[in-house]
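Undergrad: Generate a structure from the sequence data that follows.
(one chain, ligands or ions: 1)
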Amino acid sequence: MRETTPAWVLRRVRWSESSLILTLYSMDQGRISVMAKGALRPGGRFHGMLELLAGVEVTVSRREGREMSTLTDVSLIEPCNGLRADPEAFAHACLLSEWVQGLFMGGESAGAVYGLLGTAFSTLPESRAKWAVTCASVETMLRLAGHGMEIDDCVRCGLPPEGSETWSHREGGIVCAKCSMPGETAVSKGILEFIRTCRKSGFETASRTRLWKGGFRACHDFMRDFAQAHNQSGLRLRSLGVLEDLEHGAV
Ligand SMILES: [Zn+2]
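TA: Below is the predicted model:
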């Protein structure tokens with residue numbers, strides 16, 4: 001079976017002297033693993049086209065029952081030079097790539113996730129509020145992965161909460177004052193408001209929202225803890241450490 005689809009390069013692993021194994025996120029099939037033979041051979045026809053986070057159009061062939069496809073053709077459609085010129089934007093994009101790899105195993109919502117990555121990758125280099133872009137992207141991803149956070153009705157009694165509210169990651173969202181138990185932690189009003197903005201006003205408005213200093217990082221970690229309570233395969237967000245170093249001027 002041979003198929004052609006646009007895709008983002010999410011991960012590159014060196015397989016041999018000249019070959020790479022790629023994790024791609026494709027518009028048509030979602031996440032796929034591809035063997036790119038000869039990709040590292042200077043002068044080879046794939047050489048230089050399969051950089052991390054590049055947007056490409058690939059033709060892959062797959063034998064029935066095999067997990068790994070073989071790359072037969074590639075053309076570069078979006079080199080993402082903006083990301084490559086800005087280390088912080090690049091680290092945010094890598095973080096989003098790790099989120100996608102943690103949340104999506106196959107082709108669920110493939111077109112929407114593919115489109116979301118494109119929007120985030122083009123917005124990040126120009127944005128002054130990169131954490132807002134990242135948080136708005138993650139909030140959308142959680143919904144596309146079927147792990148939307150319940151922010152309107154209490155997850156225990158189903159009624160709209162009034163007054164002080166707490167939160168249960170495990171149960172999926174907000175808990176009203178009547179149902180909350182001693183020791184449960186309050187949820188930040190600012191984070192709830194941001195999630196509402198994401199849903200009501202969409203990505204573009206949400207990615208220009210402001211929170212308190214450190215607020216978006218707190219919002220990101222809140223969503224990470226939420227995802228971890230619902231996702232068995234686990235999230236590996238190694239880019240967080242890179243971002244911290246960049247933000248503290250250690251690089
Ligand atoms: Zn309740």
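Undergrad: Quickly note the distance from the closest residue to Ala54 other than its chain neighbours to Ser239.
TA: Once flanking residues are discounted, Ala54 sits nearest to Val9: 5.0 Å by C-beta to C-beta, 6 or more residues apart in numbering. In short, each C-beta sits where N, CA and C put it, glycine included. According to C-beta to C-beta, to the nearest Å, Val9 and Ser239 sit 15 Å apart.
Undergrad: What residues does the stretch 101-250 of the chain have near the ion?
TA: Cys154, Arg156, Cys157, Cys176, Cys179 (C-beta under 5 Å from the ion).
Undergrad: and the third one, what does it touch?
TA: For Cys157, the residues meeting the contact criterion (C-beta atoms under 8 Å, 6 or more residues apart in numbering) are Cys176, Lys178, Cys179.
Undergrad: Show the buried residues in these.
TA: Buried members of the contacts of Cys157, scored by 16 or more other C-beta atoms under 10 Å, are Cys176, Cys179.
Undergrad: ok so, going back, so the residue nearest to Ala54, which state does it fall into?
TA: Judged by DSSP: H, G, I helix; E, B strand; the rest coil, the three-state class of Val9 is strand.
Undergrad: Now do the same contact list for the most far-flung residue of the chain relative to its centre.
TA: Distance to the chain centre peaks in the chain at Lys178, reaching 35.0 Å (criterion: C-alpha atoms, centre = their mean). Going by C-beta under 8 Å, 6+ apart, Lys178 touches Cys154, Cys157.
Undergrad: Find the helix or strand that it is a member of.
TA: In this structure, Lys178 sits in neither a helix nor a strand according to DSSP states H and E.
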